[in-house]
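>>> Give the three-dimensional model of this entry:
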Amino acid sequence: MKNISRVLLFLLLITGPAHSRVLKLGIDAELIGEASMPIFHGEIFIPVGENRQIFTGPYTLKIAAAEKSAGLYQLSIDLIGLGPDFKFYSFDLELSPKENTLVPNMPVKKDISANFKIVLLDDTGNVNNGIYPLADTSLWSISPSIHYQTHWIRGSLIDFFWNMKMGYLENIYNRFRESFQLSVSDRIDIYFHPEPTDQVFIDPEKNYSILPSSPRIDLIYGHYIDAISPVPGAELLIYRLWGYGPRWMVAGLANYYLDNNLTLRNFKDSLDKNRLIKNLADESWVRSDTGAVVCGSFVNWLLSIHSQSEFINLYKTSTSLDFIKIFRDIYGIDFDEVIDDYLIFMRNYQPSPQELGYYASVYFGQNNINRALPYYRELAEMDSDDRLINLNYLATCLFWLGQYSQADSVYDIMLRLGGRKPEVLYMKGDIQLALGRTNDGKRLFLESYNGGFATAGVKLVSILLDQGKIDSASVFSQKLAESAGQLLENLIEKGRLMRIRNQPCDSIMTQAAARALSSGMQSPEDPRPYFAAGKAFAIMKDYGKAMENLDIAYFLEINPYFQSSVLLETGRVRDLTGDRPGAEDYYRRVISSPGGQYQKSLAEKYIRAPYAPGN
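Below you'll find the model as predicted:
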């Protein structure tokens, strides 16, 4: 498992203050009209003497807890409505463990109100306030973008991917602003939590929460949970500017710019008119992943056929209890007729290459390779002028996912269609290494180098050094002086060769490390500069800095082939420091990883005999 980088491990050692008494509250809300409907269920932890906020749909509940006597607690509850007026109500309630109480019914629209039930589930736990206390400014960084005020833990994943992720969120925010006038003058506070926390309420199914009145978003972003999407921000803007409306309209518009139609193709034949109408009125279904996709697809289609003003009017005048009845008054057509038309559209829907290409590039750009892969696969099968480009992306996705044999087949197609281009030969050479065909890889690298791709020559030198063929590596390295002399990779392999021969190399390696770290400053999300810097520092025998940079490289790397390369290099550094058990542990991790066979063969070699430069 990956954790925050070792150089920043101090973050993991910090524990927040444990409170003497923490209340675990269960909160349920439902709409009440001619019928009733559950609209929210959640659990929240509130330390005695503090307050917490939780958004339920029509209202945000701000709850402060105080202990009146043993086993009896007073809850001071502020209920904050939605925009644009944010009506405010306050109540004081008393509660004992396992006891539940009702907040007086709160107005929503016309004859529809909201009912809230609060139950004290537990008051005996010492729930930790999180290992990243929100009040600890030494841990949290703050930085504004155009529409967001971002908060994140220093050294966590978002610290490296901030530019990439915020660029995407700002792009979609601008599209909502231009198309739907959804925008606010205040920046939205957005907190990126590296792991689940009890400090704030975060929906355990969605991994995010919003507070429209603040305005604030809390979400989880790490290696195993990535809740960053345009949806939380769009939901917040809808509730803040338009107030409360049917949940399917919120979910549908918030998902408007996502690949809903493409996703829905997988089960569009199972869409049933009567079941769909029933589901759209069921807020629990709408909150599901399937519900979000269907609502996003339906709202996108609805707004392409009917006016935006009709949509906003329906939203502002109805709820999930009565939108079907009100729909005809606004649209001039029954809701079930609209569903008929939508289902006809979906059953005949075929994506355009432009649509596939847009979402493939979005997911690829966000490092969501699993989502990009199927779209590039479809694009690569199309006979178009961009086929070679799409084949290249497809092969890259397969390589990054460790599907080496499939990637190899795609490169064969590229070589057949586009000729033996040096860059493609180089990439196919990497695949041969991953498959354990080192000699085939060397032949491809040589052909690529002879075709003018200098990086392939550097790769050959690296392989020769790995194989202990120092003289051959030296001869070939001299050939690279003109074509690849200033390539960062070439400087590192040159320094590696000089160290093997006990020649002074610190000057060259200092230059290489500086260039690598400068590149890392420009693209902090890219693991390659840190990997290069780690190798440069290791050659200079600055093993502390080598480990720091290799640790960051592994923290950021998602490609299993290069992950195993980083692990292998880390094992080498451990060997060079005399930490044989630590080195062997890294080599075993390489062997058990989904990385390439080339790295595994070297790891097996170093388990048999410790690594030393030149062996």
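
>>> beta partners for residue 148?
For residue 148, the beta-bridge partners under DSSP bridges are residue 188.

>>> was I right about it contacting residue 191?
No. Using CB atoms under 8 Å as the test, residue 148 is too far from residue 191 to be in contact (10.5 Å). C-beta coordinates here come from the backbone N, C-alpha and C atoms, glycine included.

>>> Have a look at these two and say which one is more surrounded.
The neighbour comparison of residue 148 against residue 191 (other CB atoms under 10 Å) goes to residue 191, with 25 against 19.

>>> give the contact list for the residue with the shortest distance to the centre of the chain.
Nearest to the mean C-alpha position of the chain, by CA atoms, centre = their mean, lies residue 226 at 3.4 Å. Counting by CB atoms under 8 Å, 6 or more residues apart in numbering, residue 226 makes contact with 220, 368.

>>> That one and residue 360, how far apart?
As judged by CB to CB, to the nearest Å, residue 226 and residue 360 stand 18 Å apart.

>>> Then residue 501?
Residue 501 is 47 Å from residue 360, by CB to CB.

>>> so where is this structure shaky, pLDDT-wise?
For the chain, applying pLDDT under 70 flags the ranges 1-20, 125-130.

>>> Residue 589: what's it in contact with?
residue 567.

>>> Sticking with it, tell me its helix or strand.
Using DSSP states H and E, the element containing residue 589 is helix 580-592.

>>> And that helix, what's buried?
Using 16 or more other CB atoms under 10 Å as the test for burial, helix 580-592 gives 583-584, 586-587, 589-591.

>>> Generate JSON lines for the residues you listed, with distance to residue 440 as supplementary columns.
Below are the buried residues of helix 580-592 laid out as JSON lines (distance: CB to CB, whole Å):
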{"residue": "583", "distance to residue 440": "29"}
{"residue": "584", "distance to residue 440": "30"}
{"residue": "586", "distance to residue 440": "27"}
{"residue": "587", "distance to residue 440": "24"}
{"residue": "589", "distance to residue 440": "26"}
{"residue": "590", "distance to residue 440": "21"}
{"residue": "591", "distance to residue 440": "22"}
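
>>> from those residues, which is closest to residue 237?
residue 589 (44.9 Å; CB to CB).

>>> and stretch 52-67, C-alpha only, in PDB?
Listed in PDB are the C-alpha atoms of stretch 52-67, where the atom choice follows Å, rounded to 0.1, in the frame of the first residue of the first chain:
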ATOM      1  CA  ARG A  52     -20.700  20.300  13.700                       C
ATOM      2  CA  GLN A  53     -22.700  20.900  10.500                       C
ATOM      3  CA  ILE A  54     -24.500  18.400   8.300                       C
ATOM      4  CA  PHE A  55     -26.400  19.200   5.100                       C
ATOM      5  CA  THR A  56     -29.600  17.100   4.700                       C
ATOM      6  CA  GLY A  57     -31.200  18.600   1.500                       C
ATOM      7  CA  PRO A  58     -33.600  21.300   2.400                       C
ATOM      8  CA  TYR A  59     -31.700  22.400   5.500                       C
ATOM      9  CA  THR A  60     -28.200  22.500   7.000                       C
ATOM     10  CA  LEU A  61     -28.200  21.400  10.700                       C
ATOM     11  CA  LYS A  62     -25.600  23.100  12.900                       C
ATOM     12  CA  ILE A  63     -25.500  21.200  16.100                       C
ATOM     13  CA  ALA A  64     -23.700  22.100  19.300                       C
ATOM     14  CA  ALA A  65     -23.600  19.600  22.200                       C
ATOM     15  CA  ALA A  66     -23.300  20.300  25.900                       C
ATOM     16  CA  GLU A  67     -23.600  17.900  28.900                       C
END
